[in-house]
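Asks: Pasting a predicted model and its sequence here:
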Amino acid sequence: MDSLSEQDGVWREIAALTWPQLLTLMCQFVIGMTDVWTAGQMGPEIQASMGLITQCQVFLMMLCMATVSGAVASVSQSLGGGKMDRARRYVGLVCTGAILAGTFVALLAFCLRGPLLALLRTPEAIMPAALMFFNVTMWALPGHYGMAICSAMFRSAKAVSRPLCVMLGSVALNVTGDLGFGLGWWGLPAFGARGIAWSTCLSVNLGAAVLLFWLWKDGLLTRVSWPRWRWVRQGGPYLMRVTVPALATSALWQTGYLVLFIITASLPEGRVPALAGLTAGLRIEGLLFMPAVAFGMTGGVLSGRSLGRADSAGARRIARHILAIGCGTMSLVGAGLWPARHILAAFLTPDPSVQIQTVSYLTYNILAVPFSVASIILSGVFNGSGATVYPMRAFSLSVWCVRLPLAWYLGHVLWRSASGVFMAMLVSQAVQSMCLLLVFLFCDWTRFSMRSMSASRARTGRL
């Protein structure tokens, strides 16, 4: 009876943390879908250029995503172990570092925008729109960094309602701006693609400012949060130990996606429709991934807190529960979306050639849902425990040794179409999930927690 009661408590805690994060991610999905739909009404060139720059922005966010992994591991484990001041110091350290890093990356990318767009093999037909999207996106990049890191801090403290409220406000601003200042709805002046870009920029920067204010209001960001150099030298190494492999993972993953876009943009036939279809397909696929990402975030927080209490068995048990719920639920959702692929493609774009590419993308990537969901959840669990080295190895193998060579061969040589690129994505997701599952079952990934590593140093006489 006690065991059943404990299990019910775990499930309730998972649900209480997951559904607000899922709604937050759904808000991001609504923003992205509105952007894609609005751009689609302006033509495939605008839609393709926005997709290319959005992927470039995701690539430039890799340093932030790596910092998020280290922040969640350090803050959640500190809070789980009852070390409130240590948690506040990590909050201050990562928030300051992330926003400064976002500003630096934006300035550097802005100065190198010409070579970057050339490296992406941007077609001449979409170059003016792509350049405009790129310039405005750089103004929003520090805000994206701020929102991501602040949301991670609230997540680690189990205060997941704060980011949800901010994201609801961002949705209202972005949708109003896209439809009003992009298409001229409600009698507002229509600025076209510029209206889409600046609406996103405004909503993101305002959201980051509000989240920083709430961190201070809730006591997570105080005078204690600005640690002295002596503490940074002691607490920083663990943060770096978690962040560096996570940064390598982000770099390998996002660079892989950029190369995938380049492979798609240089296909023998139908380059622009293929790029637009890839953009639209990624947005729809995001609907399937969001619950998995929410489960992965919950797994990272709860496993980190369990390891902060030196409860390795509890961390493993929570991970098993989340993996079973996430994979089972999202596989059913994917099966439900399978017959609606043509409807979803037609909703996002009126162009028949883009619709064909979007349906092709969804065909392969809906089949990959069980593998993709398992990879996302297990990566979240490993990040919360500090074991970021395992996702790094699995992602590098699946992307650079499987996905990209296979995408080039199938897309440029054997099939000579975008379907070959999409097939390569399915195969690589299967390889990636199998690697992470083997690590979860047979490796001691809990040894990367702060408590375990401190105990190990103590045993060897280094502490």
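Replies: Arrived safely, thanks for sending.
Asks: how close does residue 13 get to residue 376?
Replies: 20 Å (C-beta to C-beta, to the nearest Å). (C-beta placed from N, C-alpha, C; glycine too.)
Asks: which of these two has more neighbours?
Replies: Neighbour comparison, residue 13 and residue 376: the larger count goes to residue 376, with 25 against 17 (by other C-beta atoms under 10 Å).
Asks: Provide a list of residues in contact with the closest residue to residue 242 other than its chain neighbours.
Replies: Spatially, and ignoring its direct neighbours in sequence, residue 242 is nearest to residue 70 (4.1 Å; C-beta to C-beta, 6 or more residues apart in numbering). Counting by C-beta atoms under 8 Å, 6 or more residues apart in numbering, residue 70 touches 94, 239-240, 242-243, 246, 388.
Asks: which residues in the stretch 151-300 of the chain form helices?
Replies: For the stretch 151-300 of the chain, the helices defined by DSSP state H, counting those that start in this stretch cover 161-177, 193-217, 229-265, 271-308.
Asks: In a markdown table: these, plus mean neighbour count.
Replies: Below are the helices of the stretch 151-300 of the chain laid out as a markdown table (neighbours: other C-beta atoms under 10 Å):
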| stretch | mean neighbour count |
| --- | --- |
| helix 161-177 | 20 |
| helix 193-217 | 21 |
| helix 229-265 | 19 |
| helix 271-308 | 26 |
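Asks: how about the ones you listed, which one is nearest residue 38?
Replies: Closest of the helices of the stretch 151-300 of the chain to residue 38 is helix 193-217, at 5.6 Å (criterion: C-beta to C-beta).
Asks: Any idea how far that closest one is from the middle of the chain?
Replies: Its chain's C-alpha centre and that of helix 193-217 lie 18 Å apart, by C-alpha atoms, centre = their mean, to the nearest Å.
Asks: Over to the residue nearest to residue 242. Which of the three states is it?
Replies: helix (DSSP: H, G, I helix; E, B strand; the rest coil).
Asks: So it versus residue 298, what's the distance?
Replies: From residue 70 to residue 298 the distance is 18 Å (C-beta to C-beta).
Asks: do residue 406 as well
Replies: 33 Å.
Asks: same thing with residue 284?
Replies: Distance, residue 284 to residue 298, using C-beta to C-beta: 24 Å.
Asks: for stretch 420-431, what is the average pLDDT?
Replies: Averaging the model's pLDDT scores along stretch 420-431 yields 91.
Asks: Check stretch 323-332 too.
Replies: Stretch 323-332 comes out at a mean pLDDT of 88.
Asks: So what touches that stretch?
Replies: For stretch 323-332, contacts defined as C-beta under 8 Å, 6+ apart pick out 14, 288, 291-292, 295-296, 299, 369-370, 373-374, 376-378, 440.
Asks: Just the CA atoms of that stretch, as CSV, please.
Replies: C-alpha atoms of stretch 323-332 as CSV (Å, rounded to 0.1, in the frame of the first residue of the first chain):
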residue,chain,number,x,y,z
LEU,A,323,10.1,7.5,-20.1
ALA,A,324,7.1,5.2,-20.1
ILE,A,325,4.5,8.0,-19.9
GLY,A,326,6.2,10.1,-22.5
CYS,A,327,6.9,7.5,-25.2
GLY,A,328,3.5,5.8,-24.8
THR,A,329,1.5,9.1,-24.9
MET,A,330,3.4,10.7,-27.8
SER,A,331,3.3,7.5,-29.9
LEU,A,332,-0.5,7.6,-29.7
